[in-house]
Every structure is written in structure tokens, then in C-alpha cells.
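Visitor: Need coordinates for the below:
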Amino acid sequence: MSNLDSLFSPVAVGDVELANRFVMAPLTRCRAPGHLANALMAEYYSQRASAGLVITECTMVTPDTSTFGDDPGIYSDEQVEAWKQVTDAVHAKGGKIFMQIWHGGRAAHPSFNGGKEAVSASAIAIEGETHTPEGKQPYSVPRELTKAEIAAIVDDFRQGAANAIKAGFDGVEVHGANGYLIDEFLRESANQRTDEYGGPIENRARFLFEVLDAVTAEIGAGRVGLRLSPLNSFQSMKTADPVAWISWLAKALNRYQLAYLHVMRTDFMGLQSADVLTPVRADYQGHLMVNMGYSAAEAAADIDAGKVDSVAFGTAILANPDFPARVKAGAELNTPNPDTFYTPGAVGYTDYPFMA
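Guide: Next comes the predicted model:
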């Protein structure tokens, strides 16, 4: 018995049975010109179908909310049809795939969206500059959403989830992390509203809960996951007390009986650190998926110890389409090339070699 066996054991996430505990984390790749999935993306995702679960890159539920330019969407019939080639290819290899559904909020620059202004919980811009079609520009000041607009976006998430199922996905992951719209409501650095969507965490979480109510009613809670990033200060995000914040949310989320809760344990920017996983494990009764900087050995040890239920790997699976097989064989890993993470085409996308 190797100490990695637990990673290779099957597990259910809600209504979906996974062959192993390796999860491909959602990774923005900017290979969807016209916001449409395509044959290259089908090849990329199906190459990685040996992971127990593949989670797609963040996918727009609302038109004119592009944050990266060539990011995919799921708000039109054409997009639903385009995604079918991806789900068919993954399923043909025996894989399971969830779509990460998302609204970019204040990170969606007007330059990518025909001049349409960004929206957020409050009219507070992200600090610094972002890449746009016209080169680097400061982030724009978003417009504070009205209650009617919030309700419309909740319905966009509901329709996006319905469309994802229509496109053949096994489920969806609601993106509540990394400084995009749901996270902008959840964290006080971006939410200074004075209505029922602002102030205490009970109010700041209202938008998230409305999205979860709508999405779970539409497709069933057993096909819905949620990703949160309590520590991540990316895109000018801050939480005064991340441990209390994630503990409160973990308890509140139990009522949904989601397929999983996906928690990022560290900060991209290295500014905040705390143990957020211990309180989540104590307070959350469902399947706990974790992410950020795990080796296979640490992942297996934490599953064995009952600390987590599955582990999402990002760049390791990006660069190693056969990552589970390499881990099992103790084989050397390909090195990810950050220069091609977001460039168009097959290079650095579908050309990472499989084991000989």
C-alpha cells in the first residue's frame, strides 16, 4: 500500500461519482475567440479527463462582462452548442466535468466589452492597471449595481447553470472567489453598500445565497459546487478576519447540501496568511475540496487524515495531462511554462507531452 492510495480512491461529490480525488482546478486560458468553446479546447480538456473531476475556466453568464478578451460564455444557444464538443470529448474518455460559472464584476474592463461600464457591489475600482486591447490601462471605476440589476444577474447565473447542463456538463461550480462579482459582495473591501446587500456578513452574503438558491433550484444542489478564497488579496480584496468570515460561511452553506465547497487555502499575493482549512473542516458538513500549492504527497496525507476530501491541482495538471498516471508511476513531471498560460493556440496548451 503506497501512502498515495487515498488520492486514487473513488468519491462522490453530490450526485456525481468521481473515479479518484484528483481535481483539475479552474484555470483561465484565453483560448475562446468570440467567447465560444472550440475543438482546441475540447482536445485540452479531454487530454486531462483522467482527473476525477475537470473544472473549466471561468465562463461568463452575462454578456459584455469579459475580463480577459478570449474568455468563454454560456449565455447563448451558440455557446451551448459549442461547449457540447468539450463535454462529449471528456465523457468519451470516461471523465467528469463541471463548468465554473462566473461574473467578472469590476474586473471586466470596458475596453473588452464595447465600452460597457463595469459593475460591482460598490463604486470602488481595483487598484493598479490591467491588460486591455489598447495596452495597459487603469482599472475603471465600476457602477454600483441596483437591486433590480442584482436580481437580473442572479437569473443569469440560474440560466447559465441550466445552459451548462444542456451543454452536457455534469454540474457547475459557482465562482465566489478571487475578487470577481460574488467575492466583491462578500468582502468588505469592495462592498460599502448601506442597503440589505451591505454591512454585516449576513447582508454581504445575500447575493451569493440568492445565486445558490436559484442555481440549486434549477439543476439540483448535488450538481453545484462553490469556490471561495478567504485569504486572497488579488484584485484589491481584503477581509478583516478571514477565519471568522470562512467559519460563518461554512456553517451557513450547510443548508444547501452542495456537491462540494472548494476553498483556496492561500493568497496569490502572499499578503495574508492564516489557517482557514481547520475551521472549515470543523464547520462544514459536506465534501471539502481544497486548492493551492499541494504536492500529491501532501494531498494524500491530508485526505488520509480526514482534513480534506479532494484536492484541486492547477499548473501541475495544466502541464501534465496525465498527472494521475505520473503520480502513480512516480514519474518526472513536465514544467509549466507561464509565458504560454494565456497566449492563443496549441503551444503551451495541448502540446505538453504525455509519459513515454
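
Visitor: in the chain, which spans are strands?
Guide: Remark: strands assigned in the chain by DSSP state E are 11-13, 16-18, 22-24, 53-60, 97-102, 119-120, 129-132, 135-138, 143-144, 171-175, 224-228, 260-264, 288-291, 310-313.

Visitor: Now Tyr284. Its backbone dihedrals?
Guide: When read as degrees, to the nearest 10, the backbone of Tyr284 gives phi -100, psi 130.

Visitor: residues contacting the residue lying closest to it once chain neighbours are set aside?
Guide: Nearest residue to Tyr284 in three dimensions, chain neighbours excluded: Ala250, at 4.0 Å (C-beta to C-beta, 6 or more residues apart in numbering). Every residue, glycine included, has its C-beta placed from N, CA and C. By C-beta atoms under 8 Å, 6 or more residues apart in numbering, Ala250 lies in contact with Leu261, Pro279, Val280, Asp283, Tyr284.

Visitor: change it to 10 Å
Guide: 228, 230, 261, 263, 276, 279-286, 288 (C-beta atoms under 10 Å, 6 or more residues apart in numbering).

Visitor: Pro324 now?
Guide: 4, 7-8, 19-22, 48, 50-52, 296, 313, 317.

Visitor: Adding neighbour count, pLDDT and distance to Asp64 as columns, could you present those in TSV?
Guide: TSV is the format used below for those (neighbours: other C-beta atoms under 10 Å; pLDDT from 0 to 100; distance: C-beta to C-beta, whole Å):
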residue	neighbour count	pLDDT	distance to Asp64
Leu4	18	95	45
Leu7	24	98	41
Phe8	16	98	43
Ala19	18	98	38
Asn20	19	98	39
Arg21	25	98	38
Phe22	25	98	35
Arg48	22	98	30
Ser50	20	98	36
Ala51	27	98	32
Gly52	25	98	35
Ala296	21	97	41
Phe313	23	98	33
Ile317	24	98	31
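
Visitor: Surely Asp283 and Val263 touch.
Guide: No: with contacts counted by C-beta atoms under 10 Å, Asp283 stays clear of Val263, the gap being 11.3 Å.

Visitor: what about the two, which has more around it?
Guide: Remark: of Asp283 and Val263, Val263 carries more neighbours, 27 against 16, as counted by other C-beta atoms under 10 Å.

Visitor: Distance of that one relative to Asp302?
Guide: 12 Å (C-beta to C-beta, to the nearest Å).

Visitor: so what sits against both of these two?
Guide: Common contacts of Val263 and Asp302 (C-beta under 10 Å, 6+ apart): Leu277, Arg281, Leu288, Val290, Val308.

Visitor: Among these, which one sits closest to Phe112?
Guide: Val290 (31.4 Å; C-beta to C-beta).

Visitor: got the contact list for His260?
Guide: Actually, residue 260 is Tyr. It isn't His. Neighbouring residues of Tyr260 by C-beta under 10 Å, 6+ apart: 11-14, 16, 18, 23, 53, 98, 171, 173, 224-227, 284, 286-289, 309-310, 312.

Visitor: Just to check, Val280 is in contact with Leu261?
Guide: Yes: counting by C-beta under 10 Å, Val280 does reach Leu261; the two are 7.1 Å apart.

Visitor: okay, and the common contacts of these two?
Guide: Common neighbours of Val280 and Leu261, using C-beta under 10 Å, 6+ apart, are Leu228, Ile246, Leu249, Ala250, Leu253, Leu288, Val290.

Visitor: bridging residues for Gln137?
Guide: Thr130 (DSSP bridges).

Visitor: For it, give its distance to Asn113.
Guide: 13 Å.

Visitor: In terms of packing, which of those two has more residues around it?
Guide: Asn113 (17 against 14).
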